[in-house]
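Visitor: Predicted model follows, preceded by the sequence.
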Amino acid sequence: MATGQRSGGLKRTHDGARLVITTILGIVFGYFIGVSFPSGSLNKIRLPSSLMPSINIAISDESGYAPEKKPETNGQSEKIPKIYVPTNPRGAELLPPGIIEAESDFYLRRLWGEPSEDLKKKPKYLVTFTVGLDQRKNIDACVKKFSEDFQILLFHYDGRTSEWDEFEWSKNAIHVSARKQTKWWYAKRFLHPDIVAAYKYIFIWDEDLGVEHFNGDRFIELVKKHGLEITQPGLEPNNGLTWQMTKRRGDREVHMVTEEKPGWCSDPHLPPCAAFVEIMAPVFSREAWRCVWHMIQNDLVHGWGLDFALRRCVEPAHEKIGVVDSQWIVHQVIPSLGAQGSTEDGKPPWEGVRARCKNEWSMFQDRLAKADKEYLAQIGKG
């Protein structure tokens, strides 16, 4: 038994020695092979082209993009020139004007190919709807009234976006989602004038509009023909009508003045008898929207009172603001916004929403009057 144990131990000792010797010889051999190659020769090794895409992807995923060559300097010094251009957009004074992109758009672009070839057609107009999934059939009917010249943008107040893919057009639309927000909240945050500068007209519409008698292209033709900067389609008078100004006239293409109840209009050229459209389906020219956007208050989300102040953004307002009669819509009066409220003190949600709307109207009027007073005082006319 003892002899067997000694012979087994001796065998293990010989195996270990053999492993150590083999390792040393491998290191020495590798060293001589390494020094025999000229420096940089490994750079000349070529891998099969079929392997390159997967290698590139792996590099991109793991370590980010690394340029294949040094960036071009066009023969100039790599030192950045000292630049200060006070007429550049705020915050961009240190940039050369030629590199500044001050405006953007909602055009969808590819992830490959030449950027100049991304767009087969650029939409000329922007149509926005603030929507919940329950009104998708109605929105589908609305979207079909607009041609490829119109970019569709949906603001989702219920957080449900993927379900809209049942409509083919939805796959090319822009979707923005934030729960329980109004269209003016979205407009202030996502429709900055520099973002929508590519579009000649901007539609900011509710979701409960019937469009059987409406055509987007024909509407734009009439808006241009009559020189309107702020407008809306006429409203069918038998449902959801608040103001006489927005009531459809059956004997004309457009109208810009109306008669209201006695005492409502101190001047026939002032709202609500003229220079007035409602906030349910307004359409703004690019120039008018640049002014209107700045008047929208961050914290006043319902937009009440804004309709009476729109006249500040175009001159003369009673000629630039009007209603297109021959392209009209129906207000279906679906109280979807009220349902987004909260039950408090045993009152239904819509009551709280309605109360805030009225309160915001008063607040907006007070702020506007205060701003006027401060400005007049500043220029010495207060």
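Guide: All right, it came through fine. Numbering: from 1, shown residues only.
Visitor: helices and strands around the longest strand anywhere in the chain, which ones?
Guide: Counting residues, the longest strand found in the chain (DSSP state E) is strand 321-331. Strand 321-331 is packed against strand 209-210, helix 216-225, strand 230-235, strand 254-255, with contacts defined by 3 or more C-beta pairs under 8 Å, 6 or more residues apart in numbering; DSSP states H and E. Backbone N, C-alpha and C define where each C-beta goes, glycine included.
Visitor: Throw the ones you listed into TSV and include mean neighbour count, mean pLDDT and distance to C357, thanks.
Guide: Formatted as TSV, the helices and strands packed on strand 321-331 follow (neighbours: other C-beta atoms under 10 Å; pLDDT from 0 to 100; distance: least, C-beta to C-beta, whole Å):
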stretch	mean neighbour count	mean pLDDT	distance to C357
strand 209-210	20	96	19
helix 216-225	17	98	28
strand 230-235	26	97	19
strand 254-255	19	98	27
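Visitor: Compile those into a markdown table and extend it with columns for distance to T87.
Guide: Below are the helices and strands packed on strand 321-331 laid out as a markdown table (distance: least, C-beta to C-beta, whole Å):
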| stretch | distance to T87 |
| --- | --- |
| strand 209-210 | 43 |
| helix 216-225 | 32 |
| strand 230-235 | 30 |
| strand 254-255 | 39 |
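Visitor: thinking again about what came up before, could you check the angle the longest strand of the chain makes with strand 230-235?
Guide: Strand 321-331 runs at 40 degrees relative to strand 230-235, counting by axes from the mean of the first three to the mean of the last three C-alpha atoms, to 10 degrees.
Visitor: Paired strands for strand 321-331, with orientation please.
Guide: strand 209-210 (antiparallel), strand 230-235 (parallel), strand 254-255 (antiparallel) (DSSP bridges).
Visitor: Alpha carbons only: can I get the longest one in PDB?
Guide: The one in question is strand 230-235. What follows is strand 230-235, C-alpha atoms only, in PDB (Å, rounded to 0.1, in the frame of the first residue of the first chain):
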ATOM      1  CA  ILE A 230     -56.700  84.100 -37.300                       C
ATOM      2  CA  THR A 231     -59.800  82.100 -38.300                       C
ATOM      3  CA  GLN A 232     -62.000  79.000 -37.800                       C
ATOM      4  CA  PRO A 233     -64.700  77.100 -39.700                       C
ATOM      5  CA  GLY A 234     -68.200  78.300 -39.300                       C
ATOM      6  CA  LEU A 235     -70.300  76.400 -36.600                       C
END
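Visitor: what residues does that strand touch?
Guide: Residues outside strand 230-235 that contact it (C-beta atoms under 8 Å, 6 or more residues apart in numbering): 214, 219, 223, 241, 246-249, 254, 277-278, 280-285, 288, 292, 310, 313-314, 320-331.
Visitor: Please pick the buried ones from those.
Guide: 214, 219, 223, 246-248, 254, 277-278, 280-285, 288, 292, 310, 313-314, 320-331 (16 or more other C-beta atoms under 10 Å).
Visitor: so where's the protein uncertain?
Guide: For the chain, applying pLDDT under 70 flags the ranges 1-77, 239-241, 337-343, 382.
Visitor: what sits against L306?
Guide: L306 touches W184, I279, V292, M295, I296, F364, counting by C-beta under 8 Å, 6+ apart.
Visitor: between the helices and strands packed on strand 321-331, which one is nearest to S336?
Guide: Across these, S336 has its closest neighbour in strand 209-210 (12.2 Å, C-beta to C-beta).
Visitor: Let's have the strands paired with strand 321-331 in TSV, adding distance to H156.
Guide: Formatted as TSV, the strands paired with strand 321-331 follow (distance: least, C-beta to C-beta, whole Å):
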stretch	distance to H156
strand 209-210	17
strand 230-235	23
strand 254-255	33
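Visitor: Of all the ones you listed, which one is nearest I174?
Guide: Checking the strands paired with strand 321-331 against I174 by C-beta to C-beta gives strand 209-210 as the closest, at 19.5 Å.
Visitor: List the contacts of the closest one.
Guide: Against strand 209-210 from outside (C-beta under 8 Å, 6+ apart): N138, C142, E236, M280, A281, I329, V330, H331, Q332.
Visitor: shouldn't V211 be in contact with C142?
Guide: Yes. The criterion here is C-beta atoms under 8 Å, and V211 meets it with C142 at 5.1 Å.
Visitor: Could you measure from the spatially most central residue of the chain over to A197?
Guide: The structure's the chain has its C-alpha centroid closest to F190; by C-alpha atoms, centre = their mean the separation is 4.6 Å. For F190, the distance to A197 equals 14 Å [C-beta to C-beta, to the nearest Å].
Visitor: quick one: the helices in this structure?
Guide: 2-36, 52-63, 136-143, 183-190, 216-225, 286-295, 306-309, 317-320, 349-378 (DSSP state H).
Visitor: Can you list the buried residues in the third one?
Guide: When burial is assessed from 16+ other C-beta under 10 Å, helix 136-143 yields the following buried residues: R136, N138, I139, C142, V143.
Visitor: Just the buried residues out of the contacts of L306, in PyMOL syntax.
Guide: PyMOL command restricting those to the buried ones, with burial defined by 16+ other C-beta under 10 Å:
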select buried, resi 184+279+292+296+364
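Visitor: how about CSV for the contacts of L306, with distance to E229 added?
Guide: Converted to CSV, the contacts of L306 look like this (distance: C-beta to C-beta, whole Å):
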residue, distance to E229
W184, 19
I279, 16
V292, 10
M295, 14
I296, 17
F364, 21
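Visitor: what's near enough to touch the closest residue to S326 other than its chain neighbours?
Guide: Excluding the flanking residues, the one nearest S326 by C-beta to C-beta, 6 or more residues apart in numbering is E253, at 4.8 Å. Counting by C-beta under 8 Å, 6+ apart, E253 makes contact with L222, K225, H226, V324, D325, S326.
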